[in-house]
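> coords please:
(one chain, ligands or ions: 1)
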Amino acid sequence: MGTIFSQIVDGDIPARIVYEDETTVAFLDANPLAPGHTLVIPKEEYEQLNDVPDDVASDLYAVIHELVPIVEDSVDADASTVAFNNGEAAGQEVPHVHCHIVPRFEGDGGGPIHAVAGDRPDLSDGELDEIAETIESRA
Ligand code: 5GP
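Numbers count the residues shown, from 1 in each chain. Prediction:
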């Protein structure tokens, strides 16, 4: 048996599906953080973004790009937070990659994406240079 999201893709458990094509599905989150909280997933089961093949990643992003303004407009949101919990240590509970589109409203009491991490590190210029060089050399 696959993840709970694969069971939604297969129609084995119900969901409020708002978009579907050959590779991608979007449906309302069962425990929404805001009205219109939508999850966008590849139909195939990949645990993390790091596992998603290039072509599937392109399809996934194209659907996110299309849906964000539609979701916002549908619930009269002022903005949205669009994010992946990418891995267990980042809070990912369902091991099937999914993008959260969370509509945001002026004064909703929520925070920015900067609020998700723990204590900020105190990095020296040398450490920052080294990190940047490592990432650049692998990109
Ligand atoms: P994660 O913490 O893995 O990034 O988020 C998983 C999300 O999936 C949660 O926001 C949770 O509410 C949602 N979720 C978990 N199980 C179900 C389900 O069976 N149906 C739907 N529609 N959403 C689910």
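> The nearest residue to Phe84 once chain neighbours are set aside: neighbour count?
When the adjacent residues along the chain are set aside, Phe84 lies closest to Cys99, with 5.5 Å between them (Cβ to Cβ, 6 or more residues apart in numbering). Where you see a C-beta, it was placed from the backbone N, CA and C, and this is true even at glycine. By the criterion of other Cβ atoms under 10 Å, Cys99 has 22 neighbours.
> same check, this time on Asp10
11.
> Provide the backbone phi and psi angles at it.
Dihedral pair for Asp10: phi -80, psi 0, per degrees, to the nearest 10.
> For Ile41, what is the enclosing helix or strand?
Here Ile41 is covered by strand 38-42, with elements defined by DSSP states H and E.
> for that strand, packing partners?
When contacts are defined as 3 or more Cβ pairs under 8 Å, 6 or more residues apart in numbering; DSSP states H and E, strand 38-42 packs onto helix 4-9, strand 24-28, helix 54-74, strand 99-104.
> what about Gly36, which SS state?
Using DSSP: H, G, I helix; E, B strand; the rest coil, the secondary structure recorded for Gly36 is coil.
> That one and Phe105 touch, don't they?
No - with the criterion set as Cβ atoms under 8 Å, Gly36 and Phe105 do not qualify as a contacting pair; they are 10.3 Å apart.
> one step back: is the residue nearest to Phe84 in contact with Ala62, as I believe?
No - using Cβ under 8 Å, Cys99 makes no contact with Ala62, being 11.8 Å away.
> hang on, Gly126 in a strand?
No - the assignment for Gly126 is helix, going by three-state DSSP, so no strand is present there.
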